[in-house]
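> what follows is a protein structure lacking sequence information:
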């Protein structure tokens, strides 16, 4: 009888051990997917940072206008570049990078609005090309953020779901936060000329 109960206990321990190993590996894989998607967001941000100076230089060459707009873009880009250096995956870092990137995007949008007041600049092929690239970059950022949030949701559903939640807590895996809309993002932006 002791032999039978020992075999049953050993079998249960083996099954639990296999489940813990499988769960751990699954959570590591999902955590790495979150990291990969965050790197894609960073990549899209870097593309924007590289593109903005080219757009500014093209516009600057075509006309001499509103120096403050260009200064705000340069300052926003510098701020976004400094925040981009922090690559730790924390909710605070997400919010800092999101705020800096939103400031840069806002400055770039104001630049485009100013340029639209100057038809000779808008008509240049170089400006149109860079404007299209900037629009595509913004789309890439939106897609990268969406994919990042999907990876976070997939990871969190595993970490929070039963019985994986038991193993996740035991193995040190915790839920993560994704991108959230800024306060007031549900209101339309007014562009004045």
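The structure has been received and is ready for your questions. Nothing here was measured: the structure is a model prediction, and the numbers come from that model.
> contacts and neighbour counts: CA atoms only from here.
OK.
> report the distance from stretch 40-48 to the chain centre.
8 Å (CA atoms, centre = their mean, to the nearest Å).
> mind listing what's buried in it?
By neighbour count on 16 or more other CA atoms under 10 Å, the buried set for stretch 40-48 is 40-42, 44-48.
> same question, stretch 163-177
Neighbour-count burial for stretch 163-177 flags 164-165, 167-168, 173, 176 (criterion: 16+ other CA under 10 Å).
> show me which helix runs longest in the chain.
helix 2-62 (DSSP state H).
> give me the average confidence score over stretch 95-114.
The average of the pLDDT scores along stretch 95-114 is 76.
> swap that for stretch 176-184, please
Stretch 176-184 shows an average pLDDT of 69 in the prediction.
> measure residue 138 to residue 159 for me?
31 Å (CA to CA, to the nearest Å).
> over to residue 176?
Distance from residue 176 to residue 159, by CA to CA: 9 Å.
> tell me how many other residues crowd residue 29.
Residues lying near residue 29 (other CA atoms under 10 Å) number 13.
> try residue 95
Number of residues near residue 95 (other CA under 10 Å) recorded here: 16.
> next one: phi and psi at it?
Phi and psi for residue 95, reported as degrees, to the nearest 10, are phi -70, psi -40.
> going forward, count from 45.
Got it, the first residue is 45 from now on, which makes the last one we talked about residue 139.
> show me which of residue 182 and residue 203 is the more surrounded one.
Just comparing residue 182 and residue 203: by other CA under 10 Å the higher neighbour count belongs to residue 203, 23 against 17.
> what's the first helix or strand after the lowest-mean-pLDDT helix or strand in the chain?
When each helix and strand of the chain is scored by mean pLDDT, DSSP states H and E, helix 163-166 comes last, with a mean of 55. Beyond helix 163-166 on the C-terminal side, the first helix or strand identified by DSSP states H and E is helix 169-204.
> what angle separates that following helix from helix 46-106?
Helix 169-204 and helix 46-106 are oriented at 160 degrees to each other (axes from the mean of the first three to the mean of the last three CA atoms, to 10 degrees).
> could you point out the helix or strand that follows helix 169-204?
Per DSSP H and E, helix 169-204 leads on to helix 208-215 as the next helix or strand towards the C-terminus.
> which secondary structure elements does that following helix contact?
Secondary structure elements in contact with helix 208-215, counted by 3 or more CA pairs under 8 Å, 6 or more residues apart in numbering; DSSP states H and E, are helix 46-106, helix 169-204.
> what sits up against whatever helix or strand comes next after the longest one?
It refers to helix 46-106. Beyond helix 46-106 on the C-terminal side, the first helix or strand identified by DSSP H and E is helix 111-128. Residues outside helix 111-128 that contact it (CA atoms under 8 Å, 6 or more residues apart in numbering) are 86, 93, 96, 100, 140-141, 144-145, 147-148, 151-152, 154-155.
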